[in-house]
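1. Pasted the sequence and its predicted model underneath.
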Amino acid sequence: MSENRGAAVRYESVQKSYDGENLVVKDLNLDIARGEFLTMLGPSGSGKTTCLMMLAGFEPATHGEIFLNDRPINNVPPHKRGIGMVFQNYALFPHMSVAENLAFPLQVRGMDKSEQQAKVKRALEMVELGTFGSRRPAQLSGGQQQRVAVARALVFDPELVLMDEPLGALDKQLREQMQYEIKHIHDNLGVTIVYVTHDQTEALTMSDRVAVFNDGVIQQLSSPDALYESPQNSFVAQFIGENNKLNGRVTAVDGSECVVEVPGGISLKADAVNISGVGSKTTLSLRPERVELQPEKEMDNMIDGKVEELIYLGDHIRVRMNVAGNREFVVKVRNRGERRQIAEGDTVKIGWAASDCKALDAVA
Amino acid sequence: MSSTSTDHMDAPSDGIMRAADGTPLKKSLARALRREKLRSFLLILPLLAFIILSFLMPIADMLFRSVENGIVKETIPQTVALLKTWDPTTGEAPGEEVFAAFHEDFVKAYKDKSHTRLGLRLNYDEPGMSGLFRKTGRKVAKMEPPYKDAFIKVDKDWGKVETWAVIKRASPVLTDGYFLSALDAKRTSNGIEMLPEKERIYLFLFKRTMILSIVITVSCLLLGYPIAYLLANLPLRTSNMLMILVLLPFWTSLLVRTSAWKVLLQQQGVINDFLVWIGVIDDANRLIMINNQTGTIIAMTHILLPFMILPLFSVMKTISPSYVRAAKSLGANDWTAFWRVYFPQSVPGIGAGAILVFILSIGYYITPELVGGTSGIFISNRIAYHISTSLNWGLAAALGTILLALVMLLFYVYDKIVGIDNVKLG
């Protein structure tokens, strides 16, 4: 484990079961670097929140060890871990004012009054709520409560801050604004943040790295762009962004490229990412914006598709097509101002580069 | 759009908002809601009538009975009229004129036997009056004038100033006598005086009722709080099971539960037997836990416990576990997290439970009657005694009125300190 020394957080073959029959987290190994913004992303029930709660100390690990700054913390109670945490519904103490909420972690640490006040003031200014100290949480808007929750998690200068779907209760506009604010705070303070969300936009916008969870296993751990550009399996391809899938069978493999036959007897070239060899089943994954409608020049893959539906969305037009038996095949066409001569029912040519088409594990 | 409709939309010059047809908006709204209001009123009407008949009217009647005193004036009207001019401070009994009127009144009263009731009433003010009236009643028909001597011949008390002073003091239609008795005082010729120390009973009982109710409330809180906490934090299936156990006492008769305590607590009872058997106490020194205050406290705590647990539970159920988690993540240990974060949020439940248990116990009757003996009875037992045994309804009413006032006063104080808005029952 010497190569992992210096990680802020390390999960070492951690398992978790609530009922003794099913594993919610299956053999988790994860290193989180100091100062990193790591997001645990996944659908509900994927084990991401459980991982966070084990790190915070509210759930014991069934097996394995969690290290905080190379110190095992399985037997350290939550209040001695010194980890800041922002909860889903903020968990601001309703019977205390905003300033009392912020002073709470300082009081229990026995800090003297004047120092407490200075720190509370600084924390409030950091989240631009300098004049709100005497208010009760119930008198604040959702966005303001959110900021207080962030300030409270940071006021005692923890090195690690955990955030459990902190923006879930906010409306879309506020959520986007808070994403940037949290990101800025992270950049300014250099704290390590572990962030849990089921919102992929949030994950892609804010994180240094994203761990995609499903079924208690990290499906892929990489930077946001790698996650989108080169998904390692079908789940990640489906979960992150929009995705067209074509089921087929591998007929040839040539280095990193392969040929896949899809229904209708069509052969397509694809990037061989996650296949088990010639003859195996595979699912092709293709981003809608990477497909060219009526391409002007020759492309790696050129096939016919029937236009089923046109949806005008302002900056782009969604074209739903029937391609190789898949009636949910979507092409996004950028709105460049020129009138396209396509109509529902037309059969048109579409094409895409082999490198944009990933051959992944087969899904039903 | 026609111009007239827009005219109505604008606030007119007189500042009253008007509906489209020109009637003021408020009036229009009231008319529109009238049917609805009438309907709601009709829906509650049966209950309202029931409450007025069975709750408000008896209370009003009780309040009135505590000062009502028509009996003296009704039974001996002429005497009461003549006594108005008699001054007891002269030290002389009233003259023949009064005695003649009294004789006439008395003969009439004797015919319908109301003289004994009057005697009983005056007996509250001066012991001995009842006997005096009954004794006189038997001979009043055969009396010959002069009546003063005739009455004194029957009993020389009729010649005493004090006897007549008592009658004169009791003549007004309204009296404060019952309230004075309820507060261990009485009106004498020298004004209001407290009874001798050893005859005082009601103030002592009020005090005991208060103290025991506080003890019961506190022990309900101490026993109920952890249970409510457990119920609120267990998984739903388990907590439902345990909740049934909490509610179980409600399905058992109050008398059965109280009698069960008699079986358990008596000196030859289960608990004493067990303690003797394991050798904690010896056979000669069995604990006396029933027919005293201990019995009242134990049995009433048991009976009122659900009234503490239920409000506590419903409030605790709303306290999200993330508060305590947040406190711990901020560095608070288990106790600090509980005391600074959880407990303050459960105070509304404590308030609701405490006030419920206290008010219930302050007026409790059956349990203290059965297990309280003499040292464990409450003021309500005394009220019941005056209602059903001594038949002094006026005094019972005065005691009840004081109890009611006391509860309302406490309620007011409670509202000032805790705030009634803070009380949550669910």
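-> That came in fine, so what should we check first? Computed from a predicted model, the values in this text were never measured in an experiment. Residues are numbered from 1 along each chain as shown, chains lettered A, B, ... in the order given.

2. alpha carbons only for contacts and neighbour counts from here, please
-> Fine.

3. Please save the CA atoms from stretch A:143-156 in CSV.
-> Provided in CSV are the C-alpha atoms of stretch A:143-156 (Å, rounded to 0.1, in the frame of the first residue of the first chain):
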residue,chain,number,x,y,z
GLY,A,143,-30.6,28.9,-1.2
GLN,A,144,-29.5,30.9,1.9
GLN,A,145,-30.0,27.8,4.1
GLN,A,146,-27.9,25.9,1.7
ARG,A,147,-25.1,28.4,2.1
VAL,A,148,-25.3,28.4,5.8
ALA,A,149,-25.0,24.6,5.7
VAL,A,150,-21.9,24.9,3.6
ALA,A,151,-20.5,27.6,5.9
ARG,A,152,-21.2,25.5,9.0
ALA,A,153,-19.4,22.5,7.5
LEU,A,154,-16.4,24.6,6.8
VAL,A,155,-16.2,26.9,9.8
PHE,A,156,-14.1,24.6,11.9
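
4. Give me the mean pLDDT for stretch B:346-364.
-> Mean pLDDT, stretch B:346-364: 90.

5. Please apply the same query to stretch A:215-228.
-> The model assigns stretch A:215-228 a mean pLDDT of 92.

6. can I get the CA coordinates of that stretch in CSV?
-> Below are the C-alpha coordinates for stretch A:215-228, written out as CSV (Å, rounded to 0.1, in the frame of the first residue of the first chain):
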residue,chain,number,x,y,z
ASP,A,215,-25.1,-2.1,-7.8
GLY,A,216,-22.6,-1.4,-5.1
VAL,A,217,-19.6,-1.3,-7.4
ILE,A,218,-17.7,1.6,-8.9
GLN,A,219,-18.4,1.2,-12.7
GLN,A,220,-15.9,3.8,-13.7
LEU,A,221,-13.6,6.3,-12.0
SER,A,222,-12.3,9.1,-14.2
SER,A,223,-12.4,12.7,-15.0
PRO,A,224,-15.7,14.2,-16.3
ASP,A,225,-14.6,14.4,-19.9
ALA,A,226,-13.2,10.9,-20.0
LEU,A,227,-16.5,9.7,-18.5
TYR,A,228,-18.4,11.2,-21.4
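
7. Contacts made by it with the rest, please.
-> A:23-28, A:45-48, A:203-205, A:207-213, A:231-233, A:235-237, A:240-241 (C-alpha atoms under 8 Å, 6 or more residues apart in numbering or on different chains).

8. End to end on stretch A:299-319, go ahead and measure it.
-> Separation of the first and last residues of stretch A:299-319 by C-alpha to C-alpha, to the nearest Å is 20 Å.

9. and that stretch, which residues are buried?
-> By 16 or more other C-alpha atoms under 10 Å in any protein chain shown, the buried positions in stretch A:299-319 come out as A:301-302, A:304-308, A:310, A:318-319.

10. ok, whatever residue of chain B ends up closest to chain A - contacts?
-> For chain B and chain A, the shortest gap (C-alpha to the nearest C-alpha) falls at B:G331, measuring 4.1 Å. Contacts of B:G331 were listed using C-alpha under 8 Å, 6+ apart, and they are A:78-82, A:105, A:108-109.

11. Just give me the neighbour total for the residue nearest to B:A398 when sequence neighbours are not counted.
-> Distances taken as C-alpha to C-alpha, 6 or more residues apart in numbering or on different chains place B:S66 nearest to B:A398, at 4.5 Å, with adjacent residues excluded. Number of residues near B:S66 (other C-alpha atoms under 10 Å in any protein chain shown) recorded here: 25.

12. Now that B:S66 has come up, it's in contact with B:L174, right?
-> No: B:S66 lies out of contact with B:L174 (C-alpha atoms under 8 Å); the separation is 9.1 Å.

13. Doesn't A:V210 belong to a strand?
-> Yes: A:V210: assigned to a strand according to DSSP: H, G, I helix; E, B strand; the rest coil.

14. coming back round to it: please check the contacts of B:G331 and keep the buried ones.
-> The neighbour count (16+ other C-alpha under 10 Å) marks A:78-79, A:81-82, A:105, A:108 as buried among the contacts of B:G331.

15. Show me those residues that map onto helices.
-> Within those, membership in helices is found for A:105, A:108, as judged by DSSP state H.

16. Turn the buried ones among the contacts of B:G331 into TSV, columns for distance to B:R187.
-> Shown next, in TSV, are those (distance: C-alpha to C-alpha, whole Å):
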residue	distance to B:R187
A:P78	71
A:H79	69
A:R81	74
A:G82	74
A:P105	65
A:V108	63
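
17. Just the closest of the buried ones among the contacts of B:G331 to A:A169, please.
-> Closest approach to A:A169 among the buried ones among the contacts of B:G331 (C-alpha to C-alpha): A:P105, at 24.4 Å.

18. who touches that closest one in this structure?
-> Contacts for A:P105 (C-alpha under 8 Å, 6+ apart) come out as A:152, A:155-156, B:327, B:330-332.

19. Please apply the same query to A:S13.
-> Counting by C-alpha under 8 Å, 6+ apart, A:S13 has contacts A:27-29, A:63-65.

20. Give me the buried entries from the residues you listed.
-> Here, 16+ other C-alpha under 10 Å leaves A:27-29, A:63, A:65 buried among these.

21. Chain B: which of the residues you listed is nearest?
-> Nearest to chain B among the buried ones among the contacts of A:S13: A:E65, at 19.4 Å, using C-alpha to the nearest C-alpha.

22. Am I right that the closest one falls within a helix?
-> No: counting by three-state DSSP, A:E65 is not found in a helix; it is strand.

23. Low-confidence stretches in the chain?
-> No chain was given, so I picked chain A. Within chain A, the segments meeting pLDDT under 70 span A:1-5, A:339-340, A:364.

24. that's the other chain; I wanted chain B
-> B:1-14, B:422-426.

25. quick one, domains of it?
-> Taking automatic domain parsing as the reference, chain B has its domains at B:3-65, B:70-175, B:202-422.

26. so which of those domains comes closest to A:E115?
-> Smallest distance to A:E115 across these (C-alpha to C-alpha): 17.0 Å, for domain B:202-422.

27. Show me how far that closest one is from its chain's centre.
-> Centroid separation for domain B:202-422 versus its chain: 18 Å, with C-alpha atoms, centre = their mean, to the nearest Å.

28. Kindly report the same for stretch A:136-152.
-> Counting by C-alpha atoms, centre = their mean, stretch A:136-152 is centred 24 Å from the centre of its parent chain.

29. re earlier: among the buried residues of stretch A:299-319, which are in strands?
-> Taking DSSP state E as the definition of strands, the buried residues of stretch A:299-319 contribute A:301-302, A:304-308, A:310, A:318-319.

30. Just the closest of those residues to chain B, please.
-> Distance to chain B, by C-alpha to the nearest C-alpha, is smallest for A:L310 among those, at 39.5 Å.

31. Apart from its chain neighbours, what residue comes closest to the closest one?
-> Nearest residue to A:L310, sequence neighbours excluded (C-alpha to C-alpha, 6+ apart): A:V319, at 4.8 Å.

32. my read: the one you found touches A:E328, true?
-> No: using C-alpha under 8 Å, A:V319 is not in contact with A:E328, being 9.7 Å away.
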